[in-house]
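Peer 1: Everything below, folded, please.
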Amino acid sequence: MKNQRILKIGRNCWRIRRADKVSFLVDGADYFKALHDSLPKAEQQILILSWDIHSKLHLVLPTLESNGKPLMLGDILDSMVRDKQHLNVNILSWDFSLLFALSREWLPIFKFDWNTHRRLDFQLDSQCPTGASHHQKMVVIDDSLAFSGGLDLTRGRWDTSEHIAYDERRALIDGSSLPITPYHDIQMAVAGPIATALGDLARERWRKATQQILAVPKNENHNIWFDEAPADLVNVDVAISRTESGVDDYASVCEVEQLYLDSIAAARDYIYIENQFFSSPLISQALAKRLQEDDGPEIVLNLPRQTEGWLSQQSLDVIRVSLIKILREADNHNRLAVYYPDKPELGEHSINLHAKLMIMDDRFVRVGSANLNNRSMKLDTECDLSIEVLPGENPKVEQAIRHFRNRLLAEHLQSDPETINALIQEKGSIIKAIECLQNNVRSLSPLEPELPEADESILQDVKLADPEYPLDSENILNHFVPAKQAKPAGKRIVGWVLVLLALLAVAAAWRFTPLNEWLDADRLATIAAEWRGSLLTPLIIIGAFVIGGLLVVPVTAMIIAAVLVFGPWLGFGYALLGGLISAFSGYGLGSLLGRNTVRKLAGKRINEVSRQLAKRGLLTVLVVRIVPVAPFTIVNLVAGASHISFRDFALGTLFGLTPGILGITLLTDRVEATMRSPDWQTMLTLVVAAVIVFTAGYFLSQKLLSLTGKKSSAADEKPE
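Peer 2: Okay, the predicted model is just below:
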């Protein structure tokens, strides 16, 4: 296979098409600038596929010469579709929902879709199996110019190839004052028929995610390019390789994985890899096999010093160490080197290497979205672009690939491509050339990561962090929360005691500090007396609960307010009535918006839960009211958009809210009494009330959970 073509349609790639121009865009500054220059040239269609996207991202640095022009991505795209009546923009981003909500832009559907022109259509791709993600990072303009690689159009990605330690420009681009570490990544720009093929891929992904068919541009805009600089390559074939997990009636696609195996097997002189992850045993085995050969290639792995995030460091980094150990044991001929991009001035931080690149023998290069981990090989949606030339077939292509390799090494070693090339020629080895240029300012340093103490409970099931196949929801739940697992009684008692102490502390503060002036009990009594006689009081209370519910105000806070103002009995009645009407309003709104819209707001994972709840009826609605599995408002919206009948929802909500409101009413009344008269008798009644409420709530929730568990098991045993 070493003297044969690697790329084969139907085996390791989907299509091979001609590219009029190709450019390798190294790091976010180059890519974002190229995109900023290219987008205004669109006339018919802009397609964006992303794992993450942010509407407030600046593609270029704000300058005085902006002259009022839009600077942020969302504003740029919205302005374009308003100015060009035949232009449509379609953005498909992964439906991250509950997994990454705190680290991403809040309500992207509002920022990109509802708050923009109707021809800017933003959708969340929720058509991924459990545990999978939509991971492609692609922009296609008029089927004539396309960008594909590892860079998403979101915060934290912009950086120059200098990777300055504390570069304030990164904060300017992100519109944030947060410190952002240097970030290294690669995107490939292609023009011509290959861009049309990528447009087909993007439109097919859109169809699978939304069931909508997008029009194909008329290909009248072939001359799009982003600047006057010459391309790295012209008139060369480019292959598209994909990963897609099988879902519904679609077969799985593993072209990305097969191409890695085929290209590793075909290498003669060297393999240079940059990748965010290295946790695929299959890829590691393929590399180890080549290291054991007498005439195998040099293998250089350039990886981050450590991955981002505690879970990744606890799991994937541990796997990485074990796989690197296997490679080193197989390296009988000293042809392996594993580095990380080092910049000592960063201290405990390091350059965030996020690239997904492989160069082999000056005749093969691939840039894409796929990491060297299990999920990129078999589970997530991925797209890699590759260029191949046989030895001696096209010296210009070989020269361009070699120059790209030297350019990357020069960036990491603070050198220049010419010096890198001369040293490799002189030493006959990439590894020896790197060793000659290692320094204390910016370098490629040997990767000997110091791992945190491993959490054995996570390591027992690594596949949860890096799965090969769709995950089973029940197995995930059982892994993290086993059915028979419960906190020790001692810990529960300590928790209750702490709650009681907190309540007593509030009572004492009310009695002995100016806190009582903030909400005087006599003033509340006066307000209540005035409101009790008004016919509008019920409507005001209901309106407050409905509006508060839509604004996601905690329902507990509204219940407490009602009891404080109107006393225990009337307050309980108003709180129950207001809570019911608020729940019914949320249910109605969810039903009106429909499942697709609620999915965009709440996430596919919640919708999957709702479908399970619908099968179990009244009892499970009762459980989600008593056992806090999601915010009050979200439960209402999802229930309305799901298959849960209004009868089950209404009865479950009534019977589920009643004990909770009763308990809150009792506690609130006793706290208020203690605030009025903090003697030992009232404090004792507070303690007794708290113990009764917490104990009753605990045993009631456990009983309901056991009942739903039995019912679920019975349902699961029935044949379909």
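Peer 1: any low-confidence regions in the stretch 351-500 of the chain?
Peer 2: 449-466, 469-500 (pLDDT under 70).
Peer 1: hey, where'd the strands end up in it?
Peer 2: With DSSP state E, counting those that start in this stretch as the criterion, the stretch 351-500 of the chain has strands at 352-353, 356-360, 364-368, 382-388, 443-446.
Peer 1: and if you look at the stretch 201-350 of the chain?
Peer 2: In the stretch 201-350 of the chain, the segments counted as strands under DSSP E, counting those that start in this stretch are 233-244, 253-254, 270-275, 298-302, 336-342.
Peer 1: got these as JSON lines, with distance to residue 447, mean neighbour count and mean pLDDT columns?
Peer 2: Any C-beta I mention is one placed from the backbone N, CA and C, and that applies to glycine too. Supplementary listing: those in JSON lines, determined by distance: least, C-beta to C-beta, whole Å; neighbours: other C-beta atoms under 10 Å; pLDDT from 0 to 100:
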{"stretch": "strand 233-244", "distance to residue 447": "26", "mean neighbour count": "22", "mean pLDDT": "96"}
{"stretch": "strand 253-254", "distance to residue 447": "28", "mean neighbour count": "18", "mean pLDDT": "92"}
{"stretch": "strand 270-275", "distance to residue 447": "12", "mean neighbour count": "23", "mean pLDDT": "98"}
{"stretch": "strand 298-302", "distance to residue 447": "8", "mean neighbour count": "22", "mean pLDDT": "97"}
{"stretch": "strand 336-342", "distance to residue 447": "5", "mean neighbour count": "21", "mean pLDDT": "95"}
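Peer 1: so where's the stretch 151-300 of the chain uncertain?
Peer 2: Low-confidence regions of the stretch 151-300 of the chain, defined by pLDDT under 70, span residues 175-179, 219-222, 248.
Peer 1: hang on, the earlier thing: any chance of the strands of the stretch 351-500 of the chain in CSV, plus mean neighbour count?
Peer 2: Putting the strands of the stretch 351-500 of the chain into CSV (neighbours: other C-beta atoms under 10 Å) gives the following:
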stretch, mean neighbour count
strand 352-353, 22
strand 356-360, 24
strand 364-368, 27
strand 382-388, 26
strand 443-446, 18
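Peer 1: what sits against residue 584?
Peer 2: Remark: with contacts taken as C-beta atoms under 8 Å, 6 or more residues apart in numbering, residue 584 is in contact with 650, 653.
Peer 1: To clarify, my last question referred to residue 5.
Peer 2: If a contact means C-beta under 8 Å, 6+ apart, then residue 5 has 388, 390 as its contacts.
Peer 1: Could you check how far it is from residue 388?
Peer 2: Counting by C-beta to C-beta, to the nearest Å, the separation of residue 5 from residue 388 is 7 Å.
Peer 1: Which one, of the strands of the stretch 201-350 of the chain, ends up nearest to residue 290?
Peer 2: Distance to residue 290, taken as C-beta to C-beta, is lowest for strand 298-302 among the strands of the stretch 201-350 of the chain, at 6.9 Å.
Peer 1: Who are the packing partners of that closest one?
Peer 2: Strand 298-302 is packed against strand 270-275, helix 281-292, strand 336-342, helix 430-437, with contacts defined by 3 or more C-beta pairs under 8 Å, 6 or more residues apart in numbering; DSSP states H and E.
Peer 1: Figure out which of those is closest to residue 422.
Peer 2: When those are compared (using C-beta to C-beta), the closest one is helix 430-437, at 8.7 Å.
Peer 1: helices or strands next to that closest one in the packing?
Peer 2: Counting by 3+ C-beta pairs under 8 Å, 6+ apart, the elements that helix 430-437 packs against turn out to be strand 298-302, strand 336-342, helix 395-413, helix 417-427.
Peer 1: so the residue lying closest to residue 170 once chain neighbours are set aside, which of the three states?
Peer 2: In space, not counting the residues next to it along the chain, residue 170 is nearest to residue 180; the distance is 4.4 Å by C-beta to C-beta, 6 or more residues apart in numbering. When states are read from DSSP: H, G, I helix; E, B strand; the rest coil, the local structure at residue 180 comes out as coil.
Peer 1: Begin at 597 from now on, thanks
Peer 2: Will do, 597 is the new start, and the previous item becomes residue 776.
Peer 1: List the residues that contact residue 776.
Peer 2: If a contact means C-beta under 8 Å, 6+ apart, then residue 776 has 751-752, 766-767, 770 as its contacts.
Peer 1: thinking again about what came up before, of the strands of the stretch 797-946 of the chain, which is nearest residue 1252?
Peer 2: Closest to residue 1252 of the strands of the stretch 797-946 of the chain is strand 829-840 (C-beta to C-beta; 41.3 Å).
Peer 1: So which elements touch the closest one?
Peer 2: Here strand 829-840 is seen to pack against strand 611-622, helix 789-806, strand 849-850, helix 851-862, helix 970-974, strand 978-984, helix 991-1009 when contacts are counted using 3+ C-beta pairs under 8 Å, 6+ apart.
Peer 1: which residues sit against the third one?
Peer 2: Pointing back at strand 849-850 there. Residues outside strand 849-850 that contact it (C-beta under 8 Å, 6+ apart) are 610, 838-840, 973-974.
Peer 1: Okay, now the sheet partners of it, with direction.
Peer 2: Counting by DSSP bridges, the strands paired with strand 849-850 are strand 829-840 (antiparallel).
Peer 1: Alpha carbons only: can I get the strand it pairs with in PDB?
Peer 2: As requested, the backbone C-alpha atoms of strand 829-840 are provided in PDB (Å, rounded to 0.1, in the frame of the first residue of the first chain):
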ATOM      1  CA  LEU A 829      -2.000  25.400  -3.800                       C
ATOM      2  CA  VAL A 830      -4.000  25.700  -7.000                       C
ATOM      3  CA  ASN A 831      -5.800  23.200  -9.200                       C
ATOM      4  CA  VAL A 832      -5.400  20.300  -6.800                       C
ATOM      5  CA  ASP A 833      -7.800  17.500  -5.800                       C
ATOM      6  CA  VAL A 834      -9.200  17.600  -2.200                       C
ATOM      7  CA  ALA A 835     -11.000  14.700  -0.500                       C
ATOM      8  CA  ILE A 836     -13.800  15.000   2.100                       C
ATOM      9  CA  SER A 837     -13.900  12.400   4.900                       C
ATOM     10  CA  ARG A 838     -16.800  12.100   7.400                       C
ATOM     11  CA  THR A 839     -17.800  10.600  10.600                       C
ATOM     12  CA  GLU A 840     -21.600  10.100  11.200                       C
END
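Peer 1: now the angle between helix 851-862 and it, please.
Peer 2: 120 degrees (axes from the mean of the first three to the mean of the last three C-alpha atoms, to 10 degrees).
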